[in-house]
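Student: All I have is the shape, not the residue letters:
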């Protein structure tokens with residue numbers, strides 16, 4: 001619920017047009033898009049997928065291996081453009097295996113944000129001393145280039161930048 005000011009104006013609830021105007025910073029060669037997905041690391045892929053499908057009634061994709069990233073993925077469509085990506089380790093050297101060792105029940109792993117020009121966004125974040133987790137983008141689960149930003153440089157959040165489709 002938005003807060004109301006003294007003269008009845010709504011505060012803390014910008015209009016969509018003002019949000020879109022803010023989505024490209026001054027002088028930046030790219031713009032931000034939507035949150036593409038929130039990724040959740042899960043210790044049991046079948047159990048997690050069943051909860052979203054059978055309990056909440058969500059559409060759940062089939063499991064897809066992503067060997068380049070060391071994970072298997074399932075996408076949960078919550079309606080419209082909203083998705084959750086369930087991720088599970090693919091092999092013993094998976095970075096998700098390390099995450100699940102520290103968080104046995106699983107949990108939110110990363111947030112994926114679309115950008116209009118991934119290469120320009122990478123150049124910009126590196127210019128601001130934000131580290132990337134790889135020297136070059138990789139192809140992500142949606143078949144488009146992605147780049148992960150170091151969580152220590154992003155307020156403790158692992159951020160995935162994804163090229164808009």
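Tutor: Cool, the structure landed. Everything numeric in this text was worked out from a predicted model, so none of it was measured.
Student: Low-confidence stretches in this protein?
Tutor: Where the chain drops to pLDDT under 70, the residues are 1-26.
Student: what ranges do the strands span in it?
Tutor: Applying DSSP state E to the chain gives strands spanning 3-4, 10-11, 32-41, 59-60, 64-66, 71-77, 83-89, 107-115, 138-139, 145-149, 159-163.
Student: so how far is the top helix by length along the chain off the chain centroid?
Tutor: Ranked by residue count under DSSP state H, the longest helix found in the chain is helix 118-127. Computed by C-alpha atoms, centre = their mean, to the nearest Å, the chain-centroid distance of helix 118-127 equals 17 Å.
Student: Run through the neighbouring helices and strands of that helix.
Tutor: Contacts defined by 3 or more C-beta pairs under 8 Å, 6 or more residues apart in numbering; DSSP states H and E place helix 118-127 against strand 145-149, strand 159-163. Backbone N, C-alpha and C define where each C-beta goes, glycine included.
Student: For residue 36, find the nearest of the ones you listed.
Tutor: The closest of these to residue 36 is strand 159-163. By C-beta to C-beta, the value is 5.3 Å.
Student: in its sheet, what does the closest one sit against?
Tutor: According to DSSP bridges, strand 159-163 forms sheet pairs with strand 107-115 (parallel), strand 145-149 (antiparallel).
Student: hmm, who's touching the first one?
Tutor: Right, strand 107-115. Residues from elsewhere that reach strand 107-115 (C-beta atoms under 8 Å, 6 or more residues apart in numbering): 30-41, 85, 87, 96, 99, 121, 140, 146, 148, 157-164.
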